[in-house]
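Asks: just a sequence and a predicted model for now, questions to come.
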Amino acid sequence: MNDMRVETRSQKIIELLSLGESRDRLLAFEVPKDALTWTRFCGSLLLVLLILLFFSGIFMAFYYSPVPGTAYDSVDFALFKIPFGSVVKGIHHYSWNLLLMVMGIHLGRSLILGSYKAPRQMVWVTGVIILFFVPLFIITGDLLPWDQTGYWSTQVRLSIISSVPFIGKSAARFLLGGSLTGVVALTRFYIFHILLLPGFLVLFLAMHFHFIRHRGLSEPLGTDPVFRPRIPFYPNLVNRWLFLFIIVSVVLAIISRHWTPPLGDPADPTDSSYIPKPEWWVLFLNQLVSVFKGGLAVLGSTLIPAGLAGLLIGLPFMDRSPYRHPAGRWKILLSAAILSGFIIGLSIMGYLEHFVLVKH
């Protein structure tokens, strides 16, 4: 009897909110059965991490004060005085790092399997654009704690931005809002971090899912797309995603509880002797900038990174052959392996320079 009453009330709520058609579409929506294989878990894991970042960011925003005189204290208060504040901050920190790693794996898998080929070119393009948004979140978020690392890392990045031909100096002045990194710069970085970048990210995520919905998931190699088994999206894929969400949340909470990301000393704009260490994901870019000096500096700061970005976005339109099997695309994969080795090599050089040799 109670179950019937609950069902009746649920039905009334659905009718009140005009959700009946949406519910029926969800129940009728089917996906390929191979979408449940764990080799495809990267996409689901990325969505889990983005949601964790969203909610942990909202929590921290409630306690944050975007003013240089109080920003550091507000972060310190949220981190050490609010119950579970350090756990939430840790989840936010580790989710970004894990997000970058998983996006790299996801990109590599799609490249190897030729998932960027027609008719899924725009799935690849929107995915690469989303990949480019992640570092922007990290860059704008680094300044917000107003500690030494964030402040001086921002100075280095603004210097690199200023070296970009034609628009670099104007872009740096716009971000700063003046000649010094102060309240205007912090406010603008904060607005970018919590409003503008999330808005654009949601837009491109919606486009990405739209193209996946209409173009479908790429078929496993050797699979006949005509006889590809399909299963209901709900509850099969939804339950798998919820299970992944719970596992990742618990693991990140445990890690954050025991290894809380440190908060450095308060920012001191007069301490120009402070040399920030680059994060792991930007080591190769830092090394590029340090390798090319003088008149060639524009190569490391602009031309090579822009060229790599252009290659990634334009790959589906350059490799237009119908073959997806790696054996038939060895030239593309060999080129990708060489570029990956180039990036890894620069990262190792940067790690040795900033974290090993500096100790001796």
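Replies: Looks like it arrived, so ask away.
Asks: how about the helices in the stretch 201-350 of the chain?
Replies: 238-258, 283-291, 297-298, 304-318, 330-351 (DSSP state H, counting those that start in this stretch).
Asks: let me have the ones you listed in TSV, adding mean neighbour count and mean pLDDT as columns.
Replies: Heads up, the C-betas are built off the backbone N, CA and C, glycines and all. What follows is the helices of the stretch 201-350 of the chain, written out as TSV (neighbours: other CB atoms under 10 Å; pLDDT from 0 to 100):
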stretch	mean neighbour count	mean pLDDT
helix 238-258	14	95
helix 283-291	21	90
helix 297-298	16	86
helix 304-318	15	95
helix 330-351	14	94
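Asks: measure stretch 183-198 end to end?
Replies: 22 Å (CA to CA, to the nearest Å).
Asks: same check, this time on stretch 137-149
Replies: Start-to-end, stretch 137-149 (CA to CA) is 16 Å.
Asks: what's in contact with that stretch?
Replies: Under the criterion CB atoms under 8 Å, 6 or more residues apart in numbering, residues 64, 66, 68, 71-72, 75, 96, 150-151, 153-154, 157, 181, 185-186, 189-190, 192-193, 197, 201, 263-268, 271, 274, 276-277, 279, 281 lie in contact with stretch 137-149.
Asks: looking at the protein, which helix or strand is least sure?
Replies: helix 2-16 (a mean of 65; mean pLDDT, DSSP states H and E).
Asks: pLDDT below threshold where in this structure?
Replies: 1-7, 10, 14, 16-20, 222-226, 358-360 (pLDDT under 70).
Asks: find the centremost residue of it, please.
Replies: Val134 (3.3 Å; CA atoms, centre = their mean).
Asks: ok, back up a step: of all the helices of the stretch 201-350 of the chain, which lies closest to Gln11?
Replies: Gln11 sits nearest to helix 238-258 of all those, at 20.4 Å, using CB to CB.
Asks: elements contacting that closest one?
Replies: Counting contacts by 3 or more CB pairs under 8 Å, 6 or more residues apart in numbering; DSSP states H and E, helix 238-258 packs against helix 41-61, helix 85-113.
Asks: returning to that earlier point: buried residues, the helix or strand hosting the residue nearest to the centre of the chain. List them.
Replies: Following DSSP states H and E, one finds Val134 within helix 121-142. For helix 121-142, the neighbour count (16 or more other CB atoms under 10 Å) marks 121-131, 134, 137-142 as buried.
Asks: could you do stretch 270-281 as well?
Replies: For stretch 270-281, by 16+ other CB under 10 Å, it's Tyr274, Pro276, Pro278, Glu279, Trp281.
Asks: how about the nearest residue to the fourth one, chain neighbours excluded?
Replies: Take Glu279 and drop its neighbours on the chain: the residue closest to it by CB to CB, 6 or more residues apart in numbering is Ile138, 7.4 Å away.
Asks: quick one on the thing from earlier: so which of the helices and strands packed on helix 238-258 gets nearest Phe292?
Replies: Here helix 85-113 is closest among the helices and strands packed on helix 238-258 (CB to CB), at 24.3 Å.
Asks: could you give the angle of that closest one to helix 238-258?
Replies: 130 degrees (axes from the mean of the first three to the mean of the last three CA atoms, to 10 degrees).
Asks: by how many degrees do helix 85-113 and helix 330-351 diverge?
Replies: Using the same axes, to 10 degrees: helix 85-113 against helix 330-351 is 150 degrees.
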